[in-house]
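Asker: Provided below are the primary sequence and the corresponding predicted coordinates.
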Amino acid sequence: MLLSLPRLSGNTGAMSQTGAGYSTAPRFAGLPWLVHGFGRAGWGEEDIRTEAEFDGFRPVIMRQLHSDIIHRLEDVPREKLEGDALMTDVPGLLLVARTADCLPVLLADPARRAVAAVHCGWRGTQKRILEKTVRAMGRAYGSHPGDLLAALGPCIGASCYEVGPEVREAFEKAGFPPDVFTPGRGHVREVRVPCSSGKSLLDLRAANAWLLEGLGVGPADIWTADACTHCDPGLLSYRRHKGEPRRMYNFIGLR
């Protein structure tokens, strides 16, 4: 049975600009044991390795596959990992998810000091990678969904993300509510990209918030950035600049 989609209006807002090349989520910024951020265009791996804020941190950057592969980390891997989610309870590891229209999701468990970074494109979302990451944190660290904080960063907004009928069919088969293709909910103010015949508009944030709430993460603990990568020139968009090879660096780690 398909469940209805939660509204996103209660915990959506602007990110806090740090003065560096990344922004932070308000709820996460209040945790002194946590470092996190959503990178903007022109800020990346070299900045992470050279800025004083990250002294003592060792970044872990995956080769992303649009998969549902999750890695539990206890140290920096000797070889480059392939997958789309990283989790750890070890201080000093900086988990990185790279995006340019896909949705970055950062998870933190204040009760058990565990964190995760998840890359959620439409394929990973349809495969429920975020749901699987929450469950994996439960098995690995004893994390309970009701204790988790989630920050959903900048991605292509629902008013700009046109997808084909094969995407809608895949989401329906995976059990998502049809509302994830309905514009005009939550942070969406207007449809900026007219839909072509047979196409739909997909709301990545709403689809992933639905997964989190279905697991028991409280709506007040799911923060969503009010930013569209397709509309904001300070963010990178694969669709706005066809074939854009660069990515924004989104990260989380334990001090």
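Answerer: That came through fine.

Asker: and Ala117, which of the three is it?
Answerer: Judged by DSSP: H, G, I helix; E, B strand; the rest coil, the three-state class of Ala117 is strand.

Asker: tell me the pLDDT of it.
Answerer: We have a pLDDT of 99 for Ala117.

Asker: same check on Glu244?
Answerer: pLDDT, Glu244: 81.

Asker: my read: it touches Ala100, true?
Answerer: Yes - here Glu244 lies in contact with Ala100, judged by Cβ atoms under 8 Å, at a distance of 5.6 Å. Where you see a C-beta, it was placed from the backbone N, CA and C, and this is true even at glycine.

Asker: these two: which has the busier surroundings?
Answerer: Per other Cβ atoms under 10 Å, whichever of Glu244 and Ala100 has more neighbours is Ala100, with 21 against 14.

Asker: quick one: that one from Tyr141, how far?
Answerer: 30 Å (Cβ to Cβ, to the nearest Å).

Asker: equivalent analysis for Glu51, please.
Answerer: Per Cβ to Cβ, Glu51 is found 28 Å from Tyr141.

Asker: between the two, who's got more neighbours?
Answerer: Tyr141 (19 against 14).

Asker: give the closest residue to the more buried one in space, chain neighbours not counted.
Answerer: Closest residue to Tyr141 apart from its sequence neighbours, by Cβ to Cβ, 6 or more residues apart in numbering: Ala114 at 4.2 Å.

Asker: now for Pro165, how many residues are close by?
Answerer: Pro165, neighbours per other Cβ under 10 Å, totals 10.
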